[in-house]
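S.K.: Fold the following, please.
(chains A and B)
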Amino acid sequence: MAQRHLIIGGGTAGINAIRTIREEERERSEIALVAAERPYSRMVLPYYLDRSIAESHVYTATPRVLADWGVTSRIGRRATALDTQAGVCTLDDGTTLEYDDCLIATGSSAVRAPVPGADGRAVHSFWTLEEARAVLAGIRPRSHVVLVGAGFIAFTILNSILSLGARLTIVEVAPRILPRMIDDTGAGLVARWLADHGVTVRTGVTLTRIEDAKGGKRLVFASGAPLACDLVIMATGITTNLEWLQGSGVGVNRGVVVDEHLRSSVPSVYAAGDVAEGRDRISGEAAVHAIEPTAQEHGRVAGANMAGKDVRYRGSVLINIVEVCHLDVASFGAWDDPKAEAASGLMADRPAYRKLLWRGDRLTGAIILGPSSDIWTTNDVGMLKGLVQSGVALGRFKAHLMAQPFDVKPAFIASRTTSRLLDETILGRPAKAPGDTPVAV
Amino acid sequence: MRVLAIHPEKCTGCLRCELACSYVQTGEFQPAKSVIRVSPFEGHTSYAPYTCTQCAEGWCMTACPVGAITINAAGAKDVLDDRCVGCKLCTIACPYGTMFYDPGTRKAFKCNLCGGAPACAEACPTAAITYEETWTGDWLGDFAHERTARILEIR
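M.R.: Here you go, the predicted structure:
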């Protein structure tokens, strides 16, 4: 009998796992997919919101593609329980699916600030495609939009809201913006840049309730003047979708704890993406990295192992980039490591900032901020990622980079970073192009 | 497959490769949009061009959330403009710094080996860039190491 794989979750991790199983398996297996929504890329929703792409562009695996891959899909269903002894998954319609091995890729969900009115009219999250549709339908030119929360998720849709012709105010409970993505200096530069681009930012304010007001909404704070607006978007964090695993026997900490094969405490159960607690490549410690590249790499490694390969994962590198009104803001690895040695550079004539963090002569983290139109901004983001990812010993080039953090390229090349990187692949073989995955005959 | 082999000791820093690249890729002589870039070493006494190695992992390709980066007939990773949304994820996923973003078109761009007839190799007057059937490698590492180390010593 063919091996039966069950993929629970149709996001980046789940779809990459399915592709990789088909690429790696020796004998054709059965694959079932349970997904609450049609598979799409959350990463590109901001571009759907600003109307630069059609809704059809967001889908990653259409029904046709899933059929070509020979996947039995249960779209619109959620898993509610996992019996790991029997190898049975129960869905929210009461039906069950048997499996030989399964992948937990149930991702995470948006969380709203727990205040009265948070679930009221014209208050949205921006996490799912359905929520994106609702926000798009609710914004008019000259609408006043308030973003509650100044984290990475909020910043990914900032440009889109502005490009729809809306006025934007950001309110944040913390004393500064982007607290989990860049340091104080970088955040200060972004805050000034936003002010120059007509975006109002109010930090250190505690939202207490959201009321209906004449024709709109009113936000009330613990102190300070209330704020009137037309539409509220809550970007107040995400939570890992783990609760359905209670009683399953699958070991859970901040996420499903997985080993270097992406296998959980139950050998027939794997986990990948936002829901998995894997290895942080830089610190070597367990971490949940709720980012697209980690979901993609986790999904591929899990898929290869489910297909019978022995692929070990070296861990994920935390990488984030967001563009704020043509200002690129990115961070890599252990950018907030308090024990690291740090050097930074700030250009006097433009919003350009670098911070490099070191353990010994290895770069373990970096922050980079600069205008998107500066060639070296996009040139150097990749090289900084390469230095952090490869952990190449920089030796005497460390002193050079400490003194001149904007001069990354000579140090990157002269440290032979390329030769360190060239042999590295996630699956131990060249990656296949999208569309080159074997299909059912 | 055929790759761009770089022979840094032959480079004179004339920048013809950048002009040719930008012209073929964008229709304009605009080195700022070239995807092969010449760097100076040893205080501008030597130069070498640097570009995508078409690495086996294809970090840009695997990172793309919408499958907008594929492998073209020449074996190069290539951006499909009508699929790319401009999210820049590829620019931070590529560990070599050879993935670029054009704020004008809001698209990522990179070396696609000009589909099999690379303009940089054609334009190079000293054969510092050749297009040949060979293993790709770290063409500049040893060259740059020696020259950069000498400069650090003088300082």
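S.K.: Just want the most central residue of chain A.
M.R.: A:Ile291 (2.3 Å; Cα atoms, centre = their mean).
S.K.: Now do the contacts for that residue.
M.R.: A:Ser316, A:Leu318, A:Ile319, A:Asn320 (Cβ atoms under 8 Å, 6 or more residues apart in numbering or on different chains). C-beta: built from backbone N, CA, C; applies to glycine.
S.K.: neighbour-wise, which of the residues you listed leads?
M.R.: A:Ile319 (26 neighbours; other Cβ atoms under 10 Å in any protein chain shown).
S.K.: Can you list the residue ranges for helices in chain B?
M.R.: Taking DSSP state H as the test, the helices found in chain B are B:16-26, B:59-63, B:89-93, B:119-123, B:141-154.
S.K.: could you say what helices and strands the longest one packs with?
M.R.: Spelled out, that is helix B:141-154. Packing contacts for helix B:141-154, counted by 3 or more Cβ pairs under 8 Å, 6 or more residues apart in numbering or on different chains; DSSP states H and E, involve helix A:397-403, helix A:408-414, helix A:417-422, strand B:37-41, strand B:46-50.
S.K.: cool, the second one as well?
M.R.: Other helices and strands packing on helix B:59-63, by 3+ Cβ pairs under 8 Å, 6+ apart, are helix A:292-306, strand B:69-71, helix B:89-93.
S.K.: Next, the residues that contact it from outside, please.
M.R.: With contact meaning Cβ under 8 Å, 6+ apart, helix B:59-63 is reached by A:292-293, A:296-297, A:300, A:426, A:431, A:433-434, B:69-71, B:77, B:89-90, B:93-95, B:99, B:108, B:110.
S.K.: Please apply the same query to stretch A:406-417.
M.R.: A:345, A:347, A:352, A:354, A:376, A:379-380, A:383-384, A:386-387, A:390, A:392-395, A:397, A:400-401, B:39, B:41, B:48, B:50, B:95, B:97, B:138, B:140-142, B:144-145, B:147-149.
S.K.: can the top strand by length along chain A be found next to chain B?
M.R.: In chain A, assigned by DSSP state E, the strand with the most residues is strand A:362-371. No. Strand A:362-371 is not in contact with chain B by Cβ under 8 Å from any Cβ of the partner chain; minimum separation 8.6 Å.
S.K.: Would you confirm that A:Pro46 contacts A:Ala154?
M.R.: No. Using Cβ atoms under 8 Å, A:Pro46 is not in contact with A:Ala154, being 10.9 Å away.
S.K.: Could you check which of those two is surrounded by more residues?
M.R.: A:Pro46 (26 against 23).
S.K.: residues touching the more buried one, list them.
M.R.: A:Thr156, A:Ile157, A:Asn159, A:Ser160, B:Cys87.
S.K.: what stretches of the chain score poorly on pLDDT?
M.R.: Since you didn't name a chain, this refers to chain A. A:1, A:439-441 (pLDDT under 70).
S.K.: Hmm, no, I was thinking of chain B.
M.R.: Judged by pLDDT under 70, the stretches of chain B that qualify are B:151-155.
S.K.: Spell out for me which residue occupies the centre of it.
M.R.: Geometric middle of chain B (Cα atoms, centre = their mean) lands on B:Thr51, at 2.0 Å.
S.K.: Could you double-check that that one sits in contact with B:Arg37?
M.R.: Yes. With contact defined as Cβ under 8 Å, B:Thr51 counts as touching B:Arg37 (7.1 Å).
S.K.: on that earlier part again, pipe the helices and strands packed on helix B:59-63 into CSV and attach mean neighbour count and distance to A:Asp184 per row.
M.R.: Output for those, formatted as CSV (neighbours: other Cβ atoms under 10 Å in any protein chain shown; distance: least, Cβ to Cβ, whole Å):
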stretch, mean neighbour count, distance to A:Asp184
helix A:292-306, 28, 26
strand B:69-71, 22, 35
helix B:89-93, 27, 22
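S.K.: In CSV: those, plus distance to B:Gly115.
M.R.: Output for those, formatted as CSV (distance: least, Cβ to Cβ, whole Å):
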stretch, distance to B:Gly115
helix A:292-306, 27
strand B:69-71, 12
helix B:89-93, 19
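S.K.: Indicate which one of these is closest to A:Arg420.
M.R.: Nearest to A:Arg420 among the helices and strands packed on helix B:59-63 is helix B:89-93; the distance by Cβ to Cβ comes to 16.7 Å.
S.K.: which helices and strands does that closest one pack with?
M.R.: helix A:292-306, strand A:319-324, helix A:375-390, helix B:59-63.
S.K.: make it 6 Å
M.R.: helix A:375-390, helix B:59-63 (3 or more Cβ pairs under 6 Å, 6 or more residues apart in numbering or on different chains; DSSP states H and E).
S.K.: Same list (those) but as TSV, adding mean neighbour count.
M.R.: Shown next, in TSV, are the helices and strands packed on helix B:89-93 (neighbours: other Cβ atoms under 10 Å in any protein chain shown):
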stretch	mean neighbour count
helix A:375-390	24
helix B:59-63	25
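S.K.: Distance to A:Pro179 for the ones you listed - can I get that in JSON lines?
M.R.: Formatted as JSON lines, those follow (distance: least, Cβ to Cβ, whole Å):
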{"stretch": "helix A:375-390", "distance to A:Pro179": "21"}
{"stretch": "helix B:59-63", "distance to A:Pro179": "25"}
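S.K.: Figure out which of these is closest to A:Ile182.
M.R.: Closest among those, using Cβ to Cβ: helix A:375-390, at 13.2 Å.
S.K.: Do any residues in that closest one lie close to chain B?
M.R.: Yes. Against chain B, helix A:375-390 shows contacts by Cβ under 6 Å from any Cβ of the partner chain at A:Ile375, A:Thr378, A:Asn379, A:Val381, A:Gly382, A:Met383, A:Lys385, A:Gly386, A:Gln389.
S.K.: so that helix versus strand B:46-50, what angle?
M.R.: Relative orientation of helix A:375-390 and strand B:46-50, computed by axes from the mean of the first three to the mean of the last three Cα atoms, to 10 degrees: 80 degrees.
S.K.: re earlier: would you list the contacts of A:Pro46 in JSON lines and tack on secondary structure?
M.R.: Output for those, formatted as JSON lines (DSSP: H, G, I helix; E, B strand; the rest coil):
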{"residue": "A:Thr156", "secondary structure": "helix"}
{"residue": "A:Ile157", "secondary structure": "coil"}
{"residue": "A:Asn159", "secondary structure": "helix"}
{"residue": "A:Ser160", "secondary structure": "helix"}
{"residue": "B:Cys87", "secondary structure": "coil"}
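S.K.: surely A:Ala154 meets A:Ala235?
M.R.: Yes. Applying Cβ atoms under 6 Å, one finds A:Ala154 in contact with A:Ala235, separated by 3.7 Å.
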